[in-house]
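# my questions concern the predicted model and sequence given below.
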Amino acid sequence: MPTSVSDRTGYWDRYAEGRSDHQASREEALKGAFGWTQYPGHGPGDEILGHPATTLELGCGRGDAVAALAARGVAATGLDLSPVHYARARERWRDLPCAQFVHGDAMDYLTQTDKEWDAVYSIWGAVWFTDPGELLPRVHDRLAPGGRLVFAHAPAVPGAYGVQGMYGGGFTGRQVWIYRWAYEPDTWSSILADHGFTDIHARVEPAPEPGLLGTLIVQSRKSRPHRMDDLTSSKV
């Protein structure tokens, strides 16, 4: 058995260093902030979050989506495991009073915080790279009643489901690996329902051209508690 450990922080730092889009202007970054799909200008926008007053992005990267929400007055928090992504996001958007950036692991943060959010979302981010059996209960606990969980990432490769391992440093040199979790939309719906989510809508958004890879997009809610007048009226 290999004795090395998965270097997730190092992997995401290298990913951040290899990206050039952090050099885009602020206007360009805000315009394309909600890239739920991998195709620029394609797919839904932030309307699928509803109308939240508070949001948390798990795996915020360069922070553009957080900034776009904060610019509209939403109290938006972005969390990222990579110190490089965290530093760049904070440096670029520090003038937005409604934007907050946190460096840390999603599981650790959700376990330790006592905050609640109206919407938690992940754009090709932490939901893809975290065991849903561990992550979803913690997200559910930190959502306000009626709050939304929305996430997007690549669809599962047909026939390859569950945890998927991949080497993060190529096939030579020191062993570095990360894991992703892959399921079909119907399976995601069942997993979310098992963890108390409702109003679940999981689908693969078609690509802008036939034959190209689509995007898995999943929307769900935390149910609201029944009010006493609702229970009374149901007995009438």
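Nice, I can see it. Numbers count the residues shown, from 1 in each chain.
# and the contacts of the longest strand anywhere in the chain?
The residue-count maximum for a strand in the chain (DSSP state E) belongs to strand 143-153. Contacts of strand 143-153 from elsewhere in the structure, counted by C-beta atoms under 8 Å, 6 or more residues apart in numbering, are 36-37, 48-50, 52, 54, 116-125, 127-128, 136, 139-140, 180, 192, 197, 205, 215-225. (Glycine included, C-beta is placed from N, CA and C.)
# now, of these, which are buried?
Buried members of the contacts of strand 143-153, scored by 16 or more other C-beta atoms under 10 Å, are 36-37, 48-49, 52, 54, 117-125, 127-128, 136, 139-140, 180, 192, 197, 205, 215-222.
# strands - which of those residues land there?
Those of these lying in strands (DSSP E): 54, 117-123, 180, 197, 205, 215-222.
# mind checking pLDDT for the closest residue to C60 other than its chain neighbours?
Take C60 and drop its neighbours on the chain: the residue closest to it by C-beta to C-beta, 6 or more residues apart in numbering is G78, 3.0 Å away. G78 carries a pLDDT value of 98.
# helix/strand/coil for G78?
Under DSSP: H, G, I helix; E, B strand; the rest coil, G78 falls in the strand class.
# show me the contacts for it.
56-57, 60, 63, 65-66, 89, 99-102.
# L136 against H195, yeah?
Yes - contact between L136 and H195 holds when scored by C-beta atoms under 8 Å: they sit 4.2 Å apart.
# all helices for this structure, in order.
Taking DSSP state H as the criterion, the chain contains helices spanning 8-18, 26-31, 64-70, 83-93, 106-112, 132-142, 185-194, 228-234.
# packing partners for the third one?
Read that as helix 64-70. helix 26-31, strand 54-58, strand 75-80, helix 83-93, strand 99-103 (3 or more C-beta pairs under 8 Å, 6 or more residues apart in numbering; DSSP states H and E).
# and that helix, C-alpha only, in PDB?
Provided in PDB are the C-alpha atoms of helix 64-70 (Å, rounded to 0.1, in the frame of the first residue of the first chain):
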ATOM      1  CA  ASP A  64     -15.700  36.100  -9.000                       C
ATOM      2  CA  ALA A  65     -19.100  34.600  -8.100                       C
ATOM      3  CA  VAL A  66     -18.800  35.800  -4.500                       C
ATOM      4  CA  ALA A  67     -18.000  39.300  -5.800                       C
ATOM      5  CA  ALA A  68     -20.900  39.300  -8.200                       C
ATOM      6  CA  LEU A  69     -23.300  38.600  -5.400                       C
ATOM      7  CA  ALA A  70     -21.600  41.000  -3.000                       C
END
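# how distant is it from the center of its chain?
14 Å (C-alpha atoms, centre = their mean, to the nearest Å).
# what about A202, how many neighbours?
When neighbours are defined as other C-beta atoms under 10 Å, A202 has 20 of them.
# check A152 too.
25.
# so what's I178 bridging to?
In this entry, I178 is beta-bridged to M166, by DSSP bridges.
# which residues are in contact with V127?
58-59, 135, 151, 153.
# ok, now with 10 Å
58-59, 106, 120-121, 135-136, 139, 149-153, 180-181, 188, 218 (C-beta atoms under 10 Å, 6 or more residues apart in numbering).
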